[in-house]
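>>> quick one: sequence and predicted model below, then my questions.
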Amino acid sequence: MAKIIGLDLGSKTCGIAISDALQMIARALTTVRFESDDYEACLQEVLKILQEQKVKEVVLGLPKHMNGDIGVRGQISIDFSKMLEEHGIQVKLWDERLTTVSAERLLIQGDVSRKKRKKIIDQMAAVQILQSYLDHKGGGF
(Lines give C-alpha, C1' and ligand atoms only; values in the text may rest on other atoms or scores of the structure.)
Protein backbone atom coordinates (compact mmCIF):
# COMPACT_ATOMS: atom_id res chain seq x y z
CA MET A 1 0.00 0.00 0.00
CA ALA A 2 1.06 3.58 -0.53
CA LYS A 3 1.31 6.33 2.05
CA ILE A 4 -1.45 8.94 2.30
CA ILE A 5 -1.07 12.62 3.18
CA GLY A 6 -3.56 14.45 5.41
CA LEU A 7 -4.04 18.21 5.11
CA ASP A 8 -5.55 20.78 7.46
CA LEU A 9 -5.86 23.89 5.28
CA GLY A 10 -6.11 27.28 6.94
CA SER A 11 -5.91 30.85 5.66
CA LYS A 12 -2.14 31.16 6.33
CA THR A 13 -1.01 27.63 7.17
CA CYS A 14 -1.51 24.07 6.04
CA GLY A 15 -0.82 21.32 8.54
CA ILE A 16 0.46 18.12 6.96
CA ALA A 17 0.38 14.57 8.30
CA ILE A 18 1.47 11.33 6.64
CA SER A 19 0.45 7.71 7.10
CA ASP A 20 2.73 4.72 7.32
CA ALA A 21 2.92 2.43 4.27
CA LEU A 22 0.31 0.08 5.81
CA GLN A 23 -2.10 3.01 6.19
CA MET A 24 -2.60 2.33 9.88
CA ILE A 25 -0.95 5.23 11.70
CA ALA A 26 -0.87 8.96 10.97
CA ARG A 27 1.99 11.14 12.18
CA ALA A 28 2.75 14.85 11.95
CA LEU A 29 5.01 15.83 9.06
CA THR A 30 5.23 19.63 8.73
CA THR A 31 3.35 22.91 8.46
CA VAL A 32 3.40 24.95 5.26
CA ARG A 33 3.15 28.69 5.87
CA PHE A 34 2.00 31.09 3.14
CA GLU A 35 0.72 34.64 2.72
CA SER A 36 -2.90 35.06 3.73
CA ASP A 37 -5.20 33.31 1.24
CA ASP A 38 -2.36 32.64 -1.26
CA TYR A 39 -3.50 29.09 -1.99
CA GLU A 40 -1.45 28.87 -5.18
CA ALA A 41 1.75 29.25 -3.10
CA CYS A 42 0.41 26.65 -0.66
CA LEU A 43 -0.39 24.31 -3.55
CA GLN A 44 3.16 24.52 -4.91
CA GLU A 45 4.63 23.63 -1.49
CA VAL A 46 2.17 20.76 -0.99
CA LEU A 47 2.96 19.39 -4.46
CA LYS A 48 6.70 19.42 -3.61
CA ILE A 49 6.03 17.44 -0.44
CA LEU A 50 3.80 14.97 -2.29
CA GLN A 51 6.57 14.42 -4.83
CA GLU A 52 9.26 14.04 -2.15
CA GLN A 53 7.13 11.54 -0.24
CA LYS A 54 5.97 9.76 -3.43
CA VAL A 55 2.31 10.21 -2.44
CA LYS A 56 -0.61 10.36 -4.87
CA GLU A 57 -3.52 10.35 -2.39
CA VAL A 58 -4.56 13.19 -0.08
CA VAL A 59 -7.20 13.43 2.63
CA LEU A 60 -8.17 17.10 2.91
CA GLY A 61 -10.10 18.36 5.90
CA LEU A 62 -13.49 19.79 4.95
CA PRO A 63 -14.68 22.40 7.46
CA LYS A 64 -18.40 22.26 8.06
CA HIS A 65 -20.69 24.14 10.39
CA MET A 66 -22.06 22.07 13.27
CA ASN A 67 -25.36 21.72 11.36
CA GLY A 68 -23.46 20.17 8.42
CA ASP A 69 -23.62 23.19 6.11
CA ILE A 70 -20.53 24.14 4.13
CA GLY A 71 -19.44 27.75 4.57
CA VAL A 72 -16.69 29.91 3.09
CA ARG A 73 -13.83 27.87 4.61
CA GLY A 74 -15.40 24.67 3.33
CA GLN A 75 -15.71 26.07 -0.18
CA ILE A 76 -12.02 27.06 -0.07
CA SER A 77 -11.15 23.44 0.76
CA ILE A 78 -13.32 22.18 -2.09
CA ASP A 79 -11.60 24.60 -4.49
CA PHE A 80 -8.16 23.53 -3.19
CA SER A 81 -9.08 19.87 -3.73
CA LYS A 82 -9.86 20.67 -7.37
CA MET A 83 -6.46 22.39 -7.72
CA LEU A 84 -4.78 19.22 -6.43
CA GLU A 85 -6.85 17.00 -8.73
CA GLU A 86 -5.72 19.09 -11.72
CA HIS A 87 -2.20 17.84 -10.89
CA GLY A 88 -3.26 14.18 -10.88
CA ILE A 89 -3.65 13.88 -7.11
CA GLN A 90 -6.52 11.75 -5.77
CA VAL A 91 -8.31 13.80 -3.08
CA LYS A 92 -10.78 12.65 -0.44
CA LEU A 93 -12.58 15.45 1.41
CA TRP A 94 -13.04 14.51 5.07
CA ASP A 95 -15.23 16.12 7.73
CA GLU A 96 -12.88 18.01 10.04
CA ARG A 97 -15.37 19.37 12.56
CA LEU A 98 -13.72 19.83 15.96
CA THR A 99 -10.34 18.38 14.89
CA THR A 100 -8.43 21.53 15.89
CA VAL A 101 -10.28 21.63 19.23
CA SER A 102 -9.44 17.97 19.80
CA ALA A 103 -5.79 18.49 18.83
CA GLU A 104 -5.55 21.49 21.17
CA ARG A 105 -6.93 19.43 24.07
CA LEU A 106 -4.44 16.63 23.42
CA LEU A 107 -1.55 19.09 23.41
CA ILE A 108 -2.77 20.74 26.63
CA GLN A 109 -3.11 17.32 28.29
CA GLY A 110 0.42 16.57 27.12
CA ASP A 111 1.57 19.75 28.92
CA VAL A 112 2.84 21.30 25.68
CA SER A 113 3.58 25.01 26.11
CA ARG A 114 1.32 27.56 24.43
CA LYS A 115 4.21 28.73 22.22
CA LYS A 116 4.97 25.18 21.03
CA ARG A 117 1.23 24.40 20.59
CA LYS A 118 0.89 27.34 18.21
CA LYS A 119 3.70 25.92 16.05
CA ILE A 120 2.32 22.38 15.79
CA ILE A 121 -1.47 22.68 16.15
CA ASP A 122 -2.06 22.55 12.38
CA GLN A 123 0.05 19.40 12.03
CA MET A 124 -1.82 17.78 14.91
CA ALA A 125 -5.18 18.67 13.36
CA ALA A 126 -3.95 17.07 10.11
CA VAL A 127 -3.03 13.96 12.11
CA GLN A 128 -6.56 13.87 13.56
CA ILE A 129 -8.11 14.21 10.08
CA LEU A 130 -5.91 11.52 8.55
CA GLN A 131 -6.20 9.11 11.48
CA SER A 132 -9.99 9.44 11.43
CA TYR A 133 -9.95 8.56 7.73
CA LEU A 134 -7.59 5.60 8.25
CA ASP A 135 -9.74 4.27 11.10
CA HIS A 136 -12.87 4.61 8.97
CA LYS A 137 -11.17 2.78 6.11
CA GLY A 138 -10.31 -0.04 8.46
CA GLY A 139 -6.55 0.38 8.46
CA GLY A 140 -6.10 2.27 11.74
CA PHE A 141 -6.19 0.83 15.24
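On my side now, so go ahead. Residues are numbered from 1 along each chain as shown.
>>> low pLDDT regions in the chain?
Counting by pLDDT under 70, the chain contains low-confidence ranges at 97-104, 106-107, 112, 117, 139-141.
>>> ranges for the strands of it?
5-9, 13-19, 26-33, 57-62, 90-95 (DSSP state E).
>>> tell me the strands beside the shortest one, with direction?
Strand partners for strand 5-9, identified by DSSP bridges, are recorded as strand 13-19 (antiparallel), strand 57-62 (parallel).
>>> compute the inter-axis angle for the longest one and strand 26-33.
Angle between the axes of strand 13-19 and strand 26-33 is 150 degrees (criterion: axes from the mean of the first three to the mean of the last three CA atoms, to 10 degrees).
>>> strand 13-19: how far from the chain's middle?
5 Å (CA atoms, centre = their mean, to the nearest Å).
>>> list the helices and strands the longest helix anywhere in the chain packs on?
Longest helix of the chain, by residue count under DSSP state H: helix 114-137. If contacts are counted by 3 or more CB pairs under 8 Å, 6 or more residues apart in numbering; DSSP states H and E, helix 114-137 sits against strand 5-9, strand 13-19, strand 26-33, strand 57-62, strand 90-95, helix 99-109. Just so you know, the C-beta spots here come from the backbone N, C-alpha and C atoms, and that holds for glycine as well.
>>> now do the buried residues in it.
Buried residues in helix 114-137, counting neighbours by 16 or more other CB atoms under 10 Å, are found at 117, 120-134.
>>> quick check, nearest of those to Thr30?
Gln123 (6.7 Å; CB to CB).
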